[in-house]
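>>> What follows is a protein structure lacking sequence information:
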């Protein structure tokens, strides 16, 4: 009798453990299926929404690099040959420098068979510049203008360089003079760059018009050079 009872208990326990095992199998299967669906969803989303790319880092962070192009054209009553002959005279170059009213002075005036080299230096008035810049300057800045005139295709050409001392400004380009029926045409093409933190635009607005004014004044003076040596 006791043996029979033990047998019945064993059967019941076997059934219970079997049911438990079956339940665990079903739970595991459901979990695997759910994980597979989630992975598929993640892969689909990754294809639809690629990972954002980082924006490139800007160089010279916190700086202000401002560039301004200056282009001027002037009709002159003098021919290229007349202009070159006039500029070969030192007193003519000095009068040209005096035309801007800034007390410019000649540093170099060299005449050779193949070129005419001119360097003129000018003190830059502090009231041209923003006070935030002048308060940091040790003294008055200066600018040297360098030219080297040569003959080219019936006319003249020269590099134009404005070398600033005491200001983070560069300005360079070229000028050409071509013959016309009425005399000559001068074309000046310059690029000015200012590299000043925060105040680059203000410096550019102060300096660029002064360069234009100087070019205009010189062109007006060239208008008086209808004959060599005048």
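That came through fine. Predicted, not measured: the structure shown is a model, and the values here were computed from it.

>>> Let me know the pLDDT of residue 131.
Residue 131 carries a pLDDT value of 78.

>>> ok, now residue 68?
Residue 68 is given a pLDDT of 90.

>>> quick one: contacts for it?
191-194, 204, 208 (C-beta atoms under 8 Å, 6 or more residues apart in numbering). Yep, even glycine has a C-beta here, placed from its N, CA and C like the rest.

>>> how about the strands of the chain, start to end?
Along the chain, counting by DSSP state E, strands occupy 65-76, 105-111, 116-123, 142-152, 155-165, 169-180, 183-195.

>>> any idea how the chain splits into domains?
Per automatic domain parsing, the domain ranges recorded for the chain read 1-53, 65-222.

>>> what's the most buried one of the ones you listed?
Among the domains of the chain, ranked by average contacts under mean count of other C-beta atoms under 10 Å, first place goes to domain 65-222 (a mean of 16).

>>> Sketch out the low-pLDDT regions of the protein for me.
Within the chain, the ranges that satisfy pLDDT under 70 run 1-64, 226-230.

>>> returning to what we had before: want to throw the strands of the chain into a markdown table with distance to residue 92?
Below are the strands of the chain laid out as a markdown table (distance: least, C-beta to C-beta, whole Å):
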| stretch | distance to residue 92 |
| --- | --- |
| strand 65-76 | 14 |
| strand 105-111 | 10 |
| strand 116-123 | 10 |
| strand 142-152 | 13 |
| strand 155-165 | 15 |
| strand 169-180 | 15 |
| strand 183-195 | 16 |
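
>>> So for residue 216, which of the ones you listed sits nearest?
Checking those against residue 216 by C-beta to C-beta gives strand 65-76 as the closest, at 7.3 Å.

>>> Determine how far that closest one lies from the middle of the whole chain.
In terms of C-alpha atoms, centre = their mean, to the nearest Å, the centre of strand 65-76 is found 16 Å from the chain centre.
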